[in-house]
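Asks: no FASTA, just this:
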């Protein structure tokens with residue numbers, strides 16, 4: 001039954017990405033925002049979620065915290081009764097190509113993925129919750145819930161009280177790179193999503209123990225090509241300066257995008273394209 005449920009949920013996500021008219025860049029051609037997704041599952045009792053709280057801060061929410069906030073009328077459940085459903089939505093090859101040619105600002109397609117593509121991702125989150133609810137399974141999309149929030153606390157600030165990239169890491173979908181992007185089997189030019197559900201599903205295999213396993217800089221001492229891709233030098237051998245990155249992305253590029261595309265969003269993502277891990281897990285000889 002668990003296998004049937006995982007296959008059923010995976011099909012729900014795959015079918016929505018393939019058929020939804022909302023999976024679009026909102027251009028006259030009707031070009032899609034995302035290629036077929038990756039889907040993974042992690043248990044609400046995975047020790048990683050407690051570890052995230054210890055490292056990120058007490059404000060960070062575990063799956064059990066999310067469930068209890070979303071369904072306060074329910075008796076506190078067991079973490080093991082919960083599953084976190086995670087997915088990766090890869091940008092198309094054309095979006096990645098366009099972005100790789102840019103050096104200062106995001107390409108038009110990248111901006112549209114950030115704006116219209118994320119609107120689709122929100123629709124996908126809601127769709128998964130609706131389908132599970134119709135089947136009698138309680139579910140919530142954490143980043144759409146009223147209790148999801150951003151935080152300036154802790155050594156990882158700015159951050160939020162639920163990270164979909166960390167959920168994807170727990171589900172075996174990818175590891176973190178020097179720029180903090182998640183490197184997945186389809187690369188790091190992608191977006192992630194997640195839903196917490198009261199359903200028992202066997203967790204996906206996690207083929208790594210090191211959070212940086214797929215990054216050549218950490219695993220082999222090579223590459224570091226995302227350093228040169230950053231127009232404000234927010235990436236270095238020491239890692240990712242989130243404050244400097246946020247200032248450029250959320251302020252400078254927000255102004256640029258509003259002026260150039262008449263969209264009130266922020267975008268950059270230059271470190272996610274034009275590098276070996278753009279569309280796959282890089283091989284050592286690519287560093």
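Replies: Right, received. Where do you want to start? This one's a predicted model, so the numbers in the text were calculated from it and none came from an experiment. Numbers count the residues shown, from 1 in each chain.
Asks: The stretch 1-150 of the chain: helices as residue ranges?
Replies: With DSSP state H, counting those that start in this stretch as the criterion, the stretch 1-150 of the chain has helices at 2-19, 47-56, 63-70, 93-101, 108-112, 118-134.
Asks: mind putting those helices in CSV, mean pLDDT and mean neighbour count included?
Replies: Where C-beta positions appear, they are placed from N, C-alpha and C, glycine not excepted. Output for those, formatted as CSV (pLDDT from 0 to 100; neighbours: other Cβ atoms under 10 Å):
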stretch, mean pLDDT, mean neighbour count
helix 2-19, 93, 16
helix 47-56, 96, 15
helix 63-70, 96, 21
helix 93-101, 98, 18
helix 108-112, 98, 22
helix 118-134, 98, 18
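Asks: Tell me which of those helices lies nearest to residue 202.
Replies: Among these, the nearest to residue 202 by Cβ to Cβ is helix 2-19 (5.1 Å).
Asks: which secondary structure elements does that closest one contact?
Replies: Packing partners of helix 2-19 (3 or more Cβ pairs under 8 Å, 6 or more residues apart in numbering; DSSP states H and E): strand 38-43, strand 83-90, helix 118-134.
Asks: ok, 10 Å please
Replies: Helix 2-19 sits against strand 38-43, strand 83-90, helix 118-134, strand 190-197, with contacts defined as 3 or more Cβ pairs under 10 Å, 6 or more residues apart in numbering; DSSP states H and E.
Asks: In a markdown table: the ones you listed, plus distance to residue 254.
Replies: Below are the helices and strands packed on helix 2-19 laid out as a markdown table (distance: least, Cβ to Cβ, whole Å):
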| stretch | distance to residue 254 |
| --- | --- |
| strand 38-43 | 29 |
| strand 83-90 | 22 |
| helix 118-134 | 14 |
| strand 190-197 | 18 |
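Asks: For residue 261, which of the ones you listed is the nearest?
Replies: Here helix 118-134 is closest among the helices and strands packed on helix 2-19 (Cβ to Cβ), at 14.3 Å.
Asks: what about that closest one, distance to the chain center?
Replies: Offset of helix 118-134 from its chain centre (Cα atoms, centre = their mean, to the nearest Å): 15 Å.
Asks: swap in stretch 19-34?
Replies: The answer for stretch 19-34 is 20 Å, by Cα atoms, centre = their mean.
Asks: Span of it from start to end?
Replies: Start and end residues of stretch 19-34 are separated by 11 Å (Cα to Cα, to the nearest Å).
Asks: Reformat the helices of the stretch 1-150 of the chain as TSV; add distance to residue 41.
Replies: Formatted as TSV, those follow (distance: least, Cβ to Cβ, whole Å):
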stretch	distance to residue 41
helix 2-19	6
helix 47-56	13
helix 63-70	12
helix 93-101	27
helix 108-112	29
helix 118-134	12
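Asks: can you tell which of these is closest to residue 158?
Replies: For those, proximity to residue 158 was assessed by Cβ to Cβ; helix 47-56 is nearest, at 11.7 Å.
Asks: what angle do the closest one and helix 63-70 make?
Replies: Angle, helix 47-56 to helix 63-70, by axes from the mean of the first three to the mean of the last three Cα atoms, to 10 degrees: 80 degrees.
Asks: helices or strands up against helix 47-56?
Replies: Contact here means 3+ Cβ pairs under 10 Å, 6+ apart; on that basis helix 47-56 packs against strand 38-43, helix 63-70, helix 164-170.
Asks: Quick check: residue 263 touching residue 257?
Replies: Yes. Contact criterion Cβ atoms under 10 Å: residue 263 and residue 257 qualify, at 5.5 Å.
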